[in-house]
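> sequence and predicted structure are below.
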Amino acid sequence: MHPESPLLYLCRPLIALGLLTGVVRAQELEIHYINVGWGGSVLVRGPNGTTVLLEGGRPGQGHIAVVPYLQSIGIAPSDGLDYVILGHRHTDHAGGLDEVIVAGYDVHVANYENGSPATVGAYGQWVTAAQATTAGAPVPMPVGTVIELGNGATLTCVARNGNIIGGGTVAVSDENDRSIALLVQYGGFDFLWGSDLGGGNADQACTGRGCLTAEVETPLIQAISPGGANPLISAGGIDVLHANHHGAETATSSNYMNLARPAVAVISIGAGQGTTDQRPRIDVVEHVLQAEAPCVTATPALVLQTEEGNPTGSFTSYAGYCVGNILISTDGVSTFTVSADGQVTVGPDERVAAGLPLTLPLDDLDTTAPVLSGVQVASVMATSATIAWTSDEPSSSRVRYGPTMAYPLNASVAGLVTSHSVTLTGLTPARLYHFRVESTDESGNTASSIDRTFRTGSIAHYAPTATTILQGSLKSGTFTQLATNNNVLYAVNSTTSGTRTSDWHGTTSVPVPLPIGATLTVTYAGRNSALATQSLHLWDWNAAQWVQLDSRNVGTTKLQVSLKPASPASYVSATGEIRLRVLGTRLSNAFYSAGDFMRFSVESPGSVP
């Protein structure tokens, strides 16, 4: 059973297409996923009728699936095909291509392949058949090649054999990683296809994906994203993503998903895989495409697959919807529509559960920046400030700040939210700061506030002015040793019978009354000559008793502890006295407590003009 897709709450079907009849609106781009079971075959038909066949499935599938499908959508053998592109040379992708040609389909313009050194029988059969077509023998597809599909629609080669558009390269040796990657665009619509391209395993700790393939997906999506070496897509990402390598753990990394940000992901899968493949994988479908892993920040995609993988196992995902042959169509203006025919041989027909046919808005439509309001300095102290604001749509949180309106510094919080809060740290006390807030929505639209200012508060540090031993005896030093953190120690011997106890406190005086909103931080650094329980206490002048703030085991290694009590006024006398008690206990054997540093810090709040 599959829960209803989250996309269905936003977009209900607007158009019920007569699927796979070949009757679509004029000037539409079509992408057809042909159900070839285990393997891959996709047909792209441009608005002007240009046809591009991407792969042909396993041997036999050309006759059984690809040719009948082409005929069912009105592409007869006498029409031929304009282009054939083989992503890589493995048999489950190349095996049916020669059968398409044998069935009478001429290739008019070009046969493209990945230029791999691999020799595979099925690939050789296609080469032989292709030599007899008008296009001639297959040639490596140059990265950057653009195929015009009509009315402004294009198909661009963005990667091949480790070479990436914009000049990047990745060292590849595995045939899958040598795959061609293509970006199909029409107006505001984007479809990214990468055959069996690899995504490395950098996100294994987060997603569970584990593999030894090269990381090609991340540099590819970075290159075509805004700010990349060859930006082709918007900050909103793409609309439809081909899940590379049939949903295997080798592909579809979290980086790929986060930058691609697809509304729909499609997996070519079915019977014929090996017993250890168990694809599509849970780590890919649920963790990445459906954004369950914490490192995936993109919105969950609607995951469609031609049918279930077979054979399956404990790693197999059943979260994608089995729908048979899939048609994605768009006029490139405002929406794209996904429909399917339900011709599933392995698994149930889940078109109804997936909400198909489904019409979705294009990701590039949003050009409106967020509206920001309620910008305020929520709090400001001597070395920190928290800035808060709201936005009318989910967007990022960034504060640019500094001593001038040049704003040389910035701080941000990850995630897209409507209630924003960013804390600035490491500020200089008693200084005027300028700042402005920025929020960027999912489509890359950025809004900034006007300049605002705040002044940080002050902070004063006080060393002990006296020490008092409550139990034990002085071993060495005076309170002056506690003023600096320099391994010159003030040491107190423990008692020598019963529970061995070393008990003493340091005292200082601060100006009173404390400023409204002031905080008190007490810091102590010390060690014991043997492992003992150390607890730190402040004297509560109102309750006339010690209040324990911390307790831990401390041995011969010096440990520094900083504590900030919630109600500092209770620990400051009417004359400004503060006492910090260091109590050490050990069940047997005498020891001594050695304090190196004790400091009392009073931080006053800043101000907002």
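Cool, got the structure. Numbering: from 1, shown residues only.

> how is the protein partitioned into domains?
With domains defined by automatic domain parsing, the chain comprises 11-365, 372-457, 460-603.

> low-confidence stretches in the stretch 301-450 of the chain?
Low-confidence segments of the stretch 301-450 of the chain (pLDDT under 70): 364-366.

> where do the helices of this structure begin and end?
Counting by DSSP state H, the chain has these helices, from start to end: 61, 67-72, 91-94, 97-102, 121-130, 204-207, 217-224, 244-247, 254-260, 282-284, 351-354.

> list of residues touching the shortest one?
Yep, that's helix 61 we're talking about. The contact list for helix 61, computed with CB atoms under 8 Å, 6 or more residues apart in numbering, reads 36-37, 39, 41, 95-96, 99. For the C-beta atoms, the positions are set from N, CA and C on the backbone; glycine is no exception.

> please redo it, this time with the cut-off set to 7 Å
Identification of contacts with helix 61 by CB atoms under 7 Å, 6 or more residues apart in numbering yields 36-37, 39, 95-96.

> and what of the second one?
Contacts made with helix 67-72 from outside it, assessed by CB under 7 Å, 6+ apart, are listed as 20, 34, 100, 103, 325.

> what comes up buried for it?
Judged by neighbour count using 16 or more other CB atoms under 10 Å, the buried positions of helix 67-72 are 67, 69-70.

> likewise for the fourth one?
Under the neighbour-count criterion of 16+ other CB under 10 Å, helix 97-102 has 97-101 buried.

> spatially nearest residue to residue 315 (excluding sequence neighbours)?
In space, residue 315 comes closest to residue 278 once its chain neighbours are excluded; the distance is 4.2 Å by CB to CB, 6 or more residues apart in numbering.

> who's in contact with residue 245?
Applying CB under 7 Å, 6+ apart, we find residue 245 in contact with 176, 196, 251.

> hmm, I was thinking of residue 483
residue 463.

> how far away is it from residue 510?
Residue 483 is 15 Å from residue 510, where distance means CB to CB, to the nearest Å.

> surely residue 448 touches residue 439?
No: between residue 448 and residue 439 no contact is recorded; they are 8.3 Å apart, counting by CB atoms under 7 Å.

> stretch 45-54: how far from the chain's middle?
Using CA atoms, centre = their mean, to the nearest Å, we find the averaged C-alpha position of stretch 45-54 to lie 34 Å away from the chain's own average C-alpha position.

> got the end-to-end distance for it?
The separation between the terminal residues of stretch 45-54, taken as CA to CA, to the nearest Å, is 11 Å.

> for this protein, which strand is longest?
Across the chain, the longest stretch assigned as strand under DSSP state E is strand 385-402.

> return the distance of it from the chain's centre.
The chain centre lies 20 Å from the centre of strand 385-402; the measure is CA atoms, centre = their mean.

> tell me which residues in it are buried?
By neighbour count on 16+ other CB under 10 Å, the buried set for strand 385-402 is 385-391, 393, 395-401.

> check which helices and strands it is in contact with.
Secondary structure elements in contact with strand 385-402, counted by 3 or more CB pairs under 7 Å, 6 or more residues apart in numbering; DSSP states H and E, are strand 372-380, strand 409-424, strand 432-440.

> looking at the ones you listed, which is buried most?
strand 432-440 (a mean of 20; mean count of other CB atoms under 10 Å).

> tell me the strands beside it, with direction?
Its sheet considered, strand 432-440 pairs with strand 385-402 (antiparallel), strand 446-448 (antiparallel), strand 452-455 (antiparallel) by DSSP bridges.

> need those in CSV with distance to residue 492, can you?
CSV is the format used below for the strands paired with strand 432-440 (distance: least, CB to CB, whole Å):
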stretch, distance to residue 492
strand 385-402, 40
strand 446-448, 57
strand 452-455, 43
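
> go through those and name the closest to residue 553.
Distance to residue 553, taken as CB to CB, is lowest for strand 385-402 among these, at 34.8 Å.

> low-confidence ranges, the chain, go.
Confidence mapping of the chain against pLDDT under 70 gives the ranges 1-26, 364-366.

> grab the most central residue of it for me.
residue 296 (3.6 Å; CA atoms, centre = their mean).

> just to revisit the earlier point, out of the contacts of residue 245, who has the most neighbours?
Each of the contacts of residue 245 was scored by neighbours using other CB atoms under 10 Å; the highest score is residue 251's, at 30 neighbours.

> wouldn't that one be in contact with residue 200 here?
No: in this structure, residue 251 is not within contact of residue 200 by CB under 7 Å, at 9.2 Å.

> what's opposite residue 601 in the beta bridge?
When bridges are assigned using DSSP bridges, the partners listed for residue 601 are residue 461, residue 521.

> next up, the contacts around the nearest residue to residue 172 once chain neighbours are set aside.
Ranked by CB to CB, 6+ apart and with sequence neighbours excluded, the top spatial neighbour of residue 172 is residue 162, at 3.8 Å. Contacts of residue 162 were listed using CB under 7 Å, 6+ apart, and they are 169-172, 177-178, 216.

> quick check on these: which are buried?
Restricting the contacts of residue 162 to buried positions leaves 170, 172, 177-178, 216, with burial counted as 16+ other CB under 10 Å.

> reformat these as JSON lines; add distance to residue 152.
Putting the buried ones among the contacts of residue 162 into JSON lines (distance: CB to CB, whole Å) gives the following:
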{"residue": "170", "distance to residue 152": "31"}
{"residue": "172", "distance to residue 152": "33"}
{"residue": "177", "distance to residue 152": "32"}
{"residue": "178", "distance to residue 152": "31"}
{"residue": "216", "distance to residue 152": "28"}
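
> report the two of those separated the most.
Taking CB to CB as the measure, the buried ones among the contacts of residue 162 span a maximum distance of 10.0 Å, between 170 and 178.

> residue 340 reaches residue 324, doesn't it?
Yes: here residue 340 reaches residue 324: they are 5.2 Å apart, a contact under CB under 7 Å.

> distance to residue 109 added to the buried residues of helix 97-102, as JSON lines?
Below are those laid out as JSON lines (distance: CB to CB, whole Å):
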{"residue": "97", "distance to residue 109": "16"}
{"residue": "98", "distance to residue 109": "18"}
{"residue": "99", "distance to residue 109": "20"}
{"residue": "100", "distance to residue 109": "15"}
{"residue": "101", "distance to residue 109": "14"}
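
> between the buried ones among the contacts of residue 162, which sits nearest residue 347?
For the buried ones among the contacts of residue 162, the minimum distance to residue 347 (CB to CB) is 29.1 Å, reached by residue 177.

> so how far is residue 84 from that closest one?
22 Å.

> now the nearest residue in space to residue 424 that is not next to it in sequence, which residues is it bridged with?
Spatially, and ignoring its direct neighbours in sequence, residue 424 is nearest to residue 385 (4.9 Å; CB to CB, 6+ apart). Using DSSP bridges, the bridge partners assigned to residue 385 are residue 380, residue 424.

> kindly report the same for the one 4 residues further on.
When bridges are called by DSSP bridges, residue 389 pairs up with residue 420.
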